[in-house]
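1. Compute the structure for the input listed below.
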Amino acid sequence: MKKTNFLAAGLIAAMMVPAVAQAQSREIREDRREVREERREYNQALRHGDRHDIREERREYNDARRDLRDSKRDWRRDHRYQNYRAPFRYQQFRVGATLRPSYYAPAYRIGYDRRWGVPQAGRNLVYVRHYNDLLLVNVRSGKVVRVYHNHFRWR
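-> I've put the predicted structure just below:
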């Protein structure tokens with residue numbers, strides 16, 4: 001009986017993690033929309049409003065921007081993106097460099113996320129995080145195909 005409850009709780013928790021991540025991205029999308037609306041209203045107040053209207057719209061626009069910034073910060077602080085430090089020192093890689101297999105071991109490979117603004121990895125290619133850099137590596141040869149320097153330095 002206890003084993004069944006424990007397994008059920010584990011399955012529920014496993015299903016909730018993607019839902020939380022999806023909720024965070026939905027919140028970011030809604031905050032971006034709100035910033036656009038507030039910017040539009042602020043520009044309209046600049047054209048046609050008095051001082052009081054302009055001041056009020058500027059305050060609302062700044063609040064919307066602050067909410068968006070906080071949502072992005074919460075998304076970045078998600079536990080999936082925290083443990084990325086490698087057991088070796090930082091080295092700046094260039095395209096064409098050959099990596100040792102320990103640099104692109106499965107522990108340092110990260111799943112593709114379209115919010116990064118990079119294309120999806122092709123066949124035999126994986127994204128590897130090396131400190132704040134994002135490397136696209138050919139798994140068969142160990143060659144670096146593309147380097148995104150300071151890609152994870154969003155703060």
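
2. Can you give me the neighbour number for residue 118?
-> Residues near residue 118, counting by other Cβ atoms under 10 Å, number 15. Any C-beta I mention is one placed from the backbone N, CA and C, and that applies to glycine too.

3. Quick check: which element contains it?
-> Secondary structure from DSSP states H and E places residue 118 outside every helix and strand.

4. for it, what are its contacts?
-> 127, 134, 136, 148, 151 (Cβ atoms under 8 Å, 6 or more residues apart in numbering).

5. gap between the last one and residue 69?
-> With distances defined as Cβ to Cβ, to the nearest Å, the gap from residue 151 to residue 69 amounts to 19 Å.

6. All the strands of the protein, in order from the start?
-> 109-110, 125-130, 133-138, 144-148 (DSSP state E).

7. In its sheet, which strands sit next to the shortest one, and in what direction?
-> Paired strands of strand 109-110, with direction, are strand 125-130 (antiparallel) (DSSP bridges).

8. Show me the contact partners of the partner strand.
-> Contacts of strand 125-130 (Cβ under 8 Å, 6+ apart): 84, 86, 90-91, 93, 99, 103-104, 108-110, 112, 118, 121, 134-139, 145, 152.

9. Comparing residue 151 and residue 69, which residue is more hemmed in?
-> Higher neighbour count among residue 151 and residue 69: residue 151, with 16 against 12, using other Cβ under 10 Å.

10. you'd agree that one is up against residue 132?
-> Yes. With contacts counted by Cβ atoms under 8 Å, residue 151 reaches residue 132, the gap being 6.7 Å.
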